[in-house]
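> fold the following, please.
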Amino acid sequence: MEYFVEMTTHVPSGTPDATVDDIRAREAVRARELAAEGRLLRLWRPPLEPGEWRTFGLFNADDERQLDKDLASMPLHVWRTDAVTPLSAHPNDPHAARGGQAVEFLAMLTITPPRGTAEQTVEHLMAQEAIRAHELAQEGRLVRLWNPPNQPGVWRTLGVWSARDTGDLQATLESLPLYVWMTVEATPLTPHPNDPVTGAAS
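Residues are numbered from 1 along each chain as shown. Here you go, the predicted model:
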C-alpha cells in the first residue's frame with residue numbers, strides 16, 4: 001500500500017551544526033536504503049518558510065505498522081513529526097514515475113457534484129475524465145494519481161502533475177471534464193536531495 005507522508009522537522013535550539021550535519025548525512029544514507037528496498041518511492045520539498053524543514057514523501061509499506069517502523073528508522077525522526085495519508089489505487093493513475101524535466105506539483109482535487117445532478121451525467125463525466133487522464137499521462141503531464149480517504153458526496157484525488165509553471169498546470173487541470181465541479185489545492189515541488197527518482201543524491 002502507498003502512503004503520502006508530510007514530514008516536518010524541528011531542530012532543537014542550540015543543537016550544534018556538526019550534530020545536524022551528521023544526522024542529515026545519515027538520513028540520506030537511510031533514504032537510499034529504503035529506496036533500494038522499494039519502501040521509499042519519492043521525496044519532494046514544498047515551498048518553505050525561513051528556518052522551516054518540511055518534506056513530502058511517498059512510501060510503500062505492507063501496512064501502517066510497517067510504515068511506522070520505516071519512518072522511525074530514519075535518523076531525522078528524533079526531531080520530526082509525520083502526518084500520514086493512506087492512499088488507494090485510482091482508476092486513472094498512469095503508473096508512471098518521471099524525473100524532473102519540468103516542475104512537479106502536488107495537487108489535491110476535490111470534486112463536489114451539485115445536489116440533484118443526474119447519475120447519468122456524473123457517470124458520463126467520469127468516463128470522459130478517465131479518457132482525458134489517459135491522454136495527459138501519455139503527454140507526460142499526469143505523473144501519478146491516488147484516492148485518499150473520502151467523505152460522502154465528495155471525491156478527492158491526490159495527484160502529482162508535471163507542468164512548465166502554475167499557468168500551465170491550471171490549463172491542464174481546466175482540460176479535465178470534472179473541472180466544472182472541482183476545487184484545487186496545488187503545491188509546487190522542488191527536487192529533494194534524497195529523492196530516489198530524480199537522483200539528486202547521487
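> Provide a list of residues in contact with the nearest residue to Leu41 once chain neighbours are set aside.
Counting by Cβ to Cβ, 6 or more residues apart in numbering, Leu41 lies nearest to Leu58, which is 4.3 Å off, once chain neighbours are set aside. Heads up, the C-betas are built off the backbone N, CA and C, glycines and all. By Cβ atoms under 8 Å, 6 or more residues apart in numbering, the contact list for Leu58 reads 2-5, 40-43, 144.
> which helix or which strand is home to Leu58?
Per DSSP states H and E, Leu58 falls inside strand 53-60.
> list the helices and strands the helix or strand just after that strand packs on?
Once the chain leaves strand 53-60, the next helix or strand it forms, by DSSP H and E, is helix 64-72. Counting by 3 or more Cβ pairs under 8 Å, 6 or more residues apart in numbering; DSSP states H and E, the packing neighbours recorded for helix 64-72 are strand 2-9, strand 53-60, strand 80-89.
> try it again with 6 Å
Contact partners of helix 64-72 among helices and strands, from 3 or more Cβ pairs under 6 Å, 6 or more residues apart in numbering; DSSP states H and E: none.
> okay, and the beta partners of the residue nearest to Leu41?
Beta-bridge partners recorded for Leu58 (DSSP bridges): Phe4, Arg42.
> pretty sure Leu87 contacts Met1?
No. Counting by Cβ atoms under 6 Å, Leu87 does not reach Met1; the two are 7.3 Å apart.
> between the two, tell me which one has more neighbours.
Leu87 (21 against 14; other Cβ atoms under 10 Å).
> got the CA coordinates for stretch 65-74 in PDB?
Coordinates of each C-alpha in stretch 65-74 appear next as PDB, following Å, rounded to 0.1, in the frame of the first residue of the first chain:
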ATOM      1  CA  ARG A  65       2.700  -0.700  11.300                       C
ATOM      2  CA  GLN A  66       5.500  -1.300   8.700                       C
ATOM      3  CA  LEU A  67       5.300   2.300   7.700                       C
ATOM      4  CA  ASP A  68       5.700   3.500  11.300                       C
ATOM      5  CA  LYS A  69       8.800   1.200  11.600                       C
ATOM      6  CA  ASP A  70      10.300   2.600   8.400                       C
ATOM      7  CA  LEU A  71       9.700   6.200   9.400                       C
ATOM      8  CA  ALA A  72      11.100   5.600  12.900                       C
ATOM      9  CA  SER A  73      14.300   4.100  11.300                       C
ATOM     10  CA  MET A  74      15.100   7.500   9.600                       C
END
